[in-house]
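J.: pasting the sequence and the predicted model now:
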Amino acid sequence: MSRRVDRRLFLQGLGASAGVGALGLSGCAKHVVGAAVPQAPPANALPFYDRPGTILPIRADVDRIFRITVCTRPFRPMGPRMDVERIGDKFVVHNYGHGGSGWSLSWGSADVVVRKAIAEAGGGRDVAVIGAGAIGMTTALTAQRYGLKTTIYARERFPYVRSARATGSWTPDSRIAFRSKMAADFPDVWEKMARTSLAMHESYIGAAGAPVEWTDRYALSDDVADTGGGAHQATVHDWATFEDRLTDAMPGNMLMPPGSTPFPTKVVRRSTTLTFNVADYARQLMTDFQIAGGRMETREFHTPADLTQLPERAVLDCTGYAARQLWGDESLVPVRGQIAWLIPQDGVRYGIYYNGVGVLARRDGIAVQPGGGGEEFGWNDDTEVPDRAAAEAGVRVLQELYSRMEKKA
């Protein structure tokens with residue numbers, strides 16, 4: 001097993017099956033002495049999608065697309081902004097620019113900025129959080145857990161925020177910084193944020209609704225020379241990667257023996273990582289915030305001067321890509337990502353990366369995301385209009401895979 005958690009292609013990228021499972025009905029029958037007792041067929045005689053413990057195929061039909069979402073990831077070459085700025089009599093601690101690592105690093109960056117706010121407040125206990133996405137909600141909860149009275153001010157809230165359109169996989173260094181632009185101590189800061197976040201995410205495992213759970217991923221390739229689980233994409237920018245810093249905390253990836261999975265490709269690599277079922281996770285975060293006495297107010301800010309109207313002196317700025325306009329931060333670069341959502345399936349809880357398409361089967365939907373360009377895919381593209389043709393093309397890639405899979409079975 002390789003300790004290198006090399007699943008970046010799947011995580012960034014992120015034959016219709018005629019039947020996905022048979023409904024077995026057994027009626028009541030009188031037992032006759034001496035009569036042959038019906039026996040269950042051996043496992044290898046069953047269709048591959050009915051065999052116990054097998055990987056169920058996804059029903060990859062374009063008419064099962066129930067929505068298409070587009071998200072703009074807020075990337076900063078130097079990494080997330082977490083400094084302190086004065087606006088009139090207020091002090092603002094920024095917390096935005098996490099690229100594709102927003103959900104993954106949310107708790108860790110929240111801890112960093114809340115500690116700074118406490119140090120600046122000089123004993124004050126009231127704090128305002130601007131923004132109600134993944135970063136805003138976890139920052140507000142972290143402030144509460146430090147004993148601060150917290151109010152969230154936001155133009156939108158779940159399910160309308162950009163964070164609601166995320167793929168939902170643990171990707172703590174996805175488009176997080178450029179090596180040539182980040183500060184010398186950023187790798188250490190990143191590791192602390194990642195470990196803090198991982199511990200908090202894991203505390204939600206087993207909660208009602210499964211907001212966070214461990215699931216398997218499979219990187220599939222027909223290139224026998226492929227030793228990394230997929231054809232690596234050429235990169236234009238010097239993206240920072242830090243996965244090797246977490247090898248003691250996350251499972252590695254494994255080259256699967258031939259025939260050990262139903263996948264038809266020549267190379268199959270398996271890894272295991274966290275999945276965020278965003279609908280349930282967001283609902284849980286909001287519930288926790290309200291139970292702790294948090295208050296939310298709908299408000300829109302057009303200029304930094306608007307913040308001076310808030311009653312709180314301490315402001316935690318969690319505005320994501322909107323910070324580009326609010327603060328005039330031209331360092332923010334949009335990275336577009338589109339997902340076609342298929343109707344969820346019982347028993348399908350895994351992800352794959354195959355022929356440039358990443359798939360993650362969550363409880364609230366199956367995310368199908370073309371990502372053939374790796375980290376560069378969607379670079380500097382702020383359009384949020386769904387592309388139906390691209391969505392259907394991604395689903396058809398799955399059709400071809402599962403058609404091969406059925407023939408192999």
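T.: That came in fine, so what should we check first? Numbering: from 1, shown residues only.
J.: average pLDDT across the stretch of helix or strand Ala282 belongs to?
T.: Per DSSP states H and E: Ala282 is located in helix 278-291. If you average the pLDDT over helix 278-291, you get 97.
J.: show the average pLDDT along whatever helix or strand comes next after it.
T.: Once the chain leaves helix 278-291, the next helix or strand it forms, by DSSP H and E, is strand 295-298. For strand 295-298, mean pLDDT is 98.
J.: next SSE downstream of strand 295-298?
T.: strand 314-317.
J.: what pLDDT, on average, does that next one get?
T.: 98.
J.: returning to that earlier point: now do the buried residues in the helix holding Ala282.
T.: By 16 or more other CB atoms under 10 Å, the buried positions in helix 278-291 come out as Val278, Ala279, Asp280, Tyr281, Ala282, Gln284, Leu285, Met286, Asp288, Phe289. Where C-beta positions appear, they are placed from N, C-alpha and C, glycine not excepted.
J.: list the contacts of the first one.
T.: Val278 sits next to Trp103, Ser163, Ala164, Ala166, Gly168, Arg362, Asp364 when contact means CB atoms under 8 Å, 6 or more residues apart in numbering.
J.: which of these fall within helices?
T.: Trp103 (DSSP state H).
J.: now flag whichever of the contacts of Val278 is closest to Ser403.
T.: Arg362 (23.6 Å; CB to CB).
J.: I'd say the closest one and Thr275 touch.
T.: Yes - contact between Arg362 and Thr275 holds when scored by CB atoms under 8 Å: they sit 6.1 Å apart.
J.: for the strand or helix carrying Ile366, list the C-alpha coordinates in PDB.
T.: Under the criterion of DSSP H and E, Ile366 resides in strand 365-370. What follows is strand 365-370, C-alpha atoms only, in PDB (Å, rounded to 0.1, in the frame of the first residue of the first chain):
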ATOM      1  CA  GLY A 365     -27.400  13.100  -4.700                       C
ATOM      2  CA  ILE A 366     -24.700  11.600  -6.900                       C
ATOM      3  CA  ALA A 367     -22.300  14.300  -8.100                       C
ATOM      4  CA  VAL A 368     -20.900  13.900 -11.600                       C
ATOM      5  CA  GLN A 369     -18.200  16.400 -12.300                       C
ATOM      6  CA  PRO A 370     -16.000  16.700 -15.400                       C
END
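J.: after it comes which helix or strand?
T.: Past strand 365-370, the next helix or strand by DSSP H and E is helix 388-408.
J.: between that next one and strand 365-370, what angle do the directions make?
T.: 100 degrees (axes from the mean of the first three to the mean of the last three CA atoms, to 10 degrees).
J.: tell me the gap between helix 388-408 and the middle of its chain.
T.: Distance of helix 388-408 from the chain centroid (CA atoms, centre = their mean, to the nearest Å) equals 22 Å.
J.: can you list contacts of that helix?
T.: Here helix 388-408 makes contact (CB under 8 Å, 6+ apart) with 15-18, 48, 57-58, 60-62, 64-65, 68, 220, 262-264, 338, 340, 342, 352, 354-357, 359, 368-370.
J.: buried set for that helix?
T.: So helix 388-408, judged by 16+ other CB under 10 Å, has buried residues 391, 393-399, 401-403, 405-406.
J.: which one of these is nearest to Arg313?
T.: Ala391 (46.2 Å).
J.: any idea how far Ile205 is from the closest one?
T.: Distance of Ala391 to Ile205, given as CB to CB, to the nearest Å: 31 Å.
J.: might you report the residue contacts of Thr142?
T.: Trp107, Ala110, Asp111, Val114.
J.: could you do Ala207 as well?
T.: Neighbouring residues of Ala207 by CB under 8 Å, 6+ apart: Gln284.
J.: and it, which of the three is it?
T.: Following DSSP: H, G, I helix; E, B strand; the rest coil, the label given to Ala207 is coil.
J.: distance check, it against Gly122.
T.: For Ala207, the distance to Gly122 (CB to CB) stands at 36 Å.
J.: tell me the buried residues in the strand or helix carrying Val129?
T.: Element membership of Val129, judged by DSSP H and E, is strand 126-130. Buried residues in strand 126-130, counted by 16+ other CB under 10 Å: Val127, Ala128, Val129, Ile130.
J.: with stretch 122-142 instead?
T.: 127-142.
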